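# Give me a model of this one.
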Amino acid sequence: MWKSVFLATGVFACLVGAELLVIDSAAVKPINGGGQAREITAPDWAPWALISAGAITLLHFGTGGGAGVGKAGGLPKPNVGKYQLD
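Numbering: from 1, shown residues only. Take a look at the predicted model:
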């Protein structure tokens, strides 16, 4: 389950970073429709930071890192009598 969370986080970060490269600012209106819209402007470093963090997360996902890595290549454990070796 955690791998899918990191995959979604990496894709989201890359997409938001790419979107920030295209737009300069965004106007956010309140949900209820009343009040003024706020204008949000991202710093110059934000798109590149999001794209690089998302890419690193996706590379980690793609390499198969996570639980179980390094445990005898994923081979089953041998049985000795009725006991299984750890």
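
# Give me the buried stretch members for the lengthiest helix in the chain, please.
For the chain, the longest helix by residue count, based on DSSP state H, is helix 2-22. Buried residues in helix 2-22, defined by neighbour count with 16 or more other CB atoms under 10 Å: Gly10, Ala13, Cys14, Gly17, Leu20. C-beta here means a position set from N, CA and C on the backbone, and glycine is covered the same way.

# residues in contact with it?
The contact list for helix 2-22, computed with CB atoms under 8 Å, 6 or more residues apart in numbering, reads 42, 46-58, 60-61, 66.

# and if you look at stretch 41-51?
Ala13, Cys14, Val16, Gly17, Ala18, Leu20, Leu21, Asp24, Ser25.

# what bits of this protein have low per-residue confidence?
64-86 (pLDDT under 70).

# Thr57: helix or strand, and which one exactly?
Using DSSP states H and E, Thr57 maps to helix 46-62.

# and the angle from that helix to helix 2-22?
Relative orientation of helix 46-62 versus helix 2-22 (axes from the mean of the first three to the mean of the last three CA atoms, to 10 degrees): 150 degrees.

# C-alpha coordinates for helix 46-62, CSV please?
Extracted C-alpha coordinates of helix 46-62, given in CSV (Å, rounded to 0.1, in the frame of the first residue of the first chain):
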residue,chain,number,x,y,z
ALA,A,46,9.2,25.8,-6.6
PRO,A,47,8.6,24.2,-10.0
TRP,A,48,12.0,22.7,-10.2
ALA,A,49,12.0,21.5,-6.6
LEU,A,50,8.6,19.8,-7.1
ILE,A,51,9.7,18.1,-10.4
SER,A,52,13.0,16.9,-8.9
ALA,A,53,11.4,15.6,-5.7
GLY,A,54,8.7,13.8,-7.7
ALA,A,55,11.2,12.3,-10.1
ILE,A,56,13.3,11.0,-7.2
THR,A,57,10.2,9.5,-5.7
LEU,A,58,9.2,7.9,-9.0
LEU,A,59,12.8,6.5,-9.5
HIS,A,60,12.7,4.9,-6.0
PHE,A,61,9.3,3.4,-6.9
GLY,A,62,10.7,2.1,-10.2
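
# I am finished for the moment; much appreciated.
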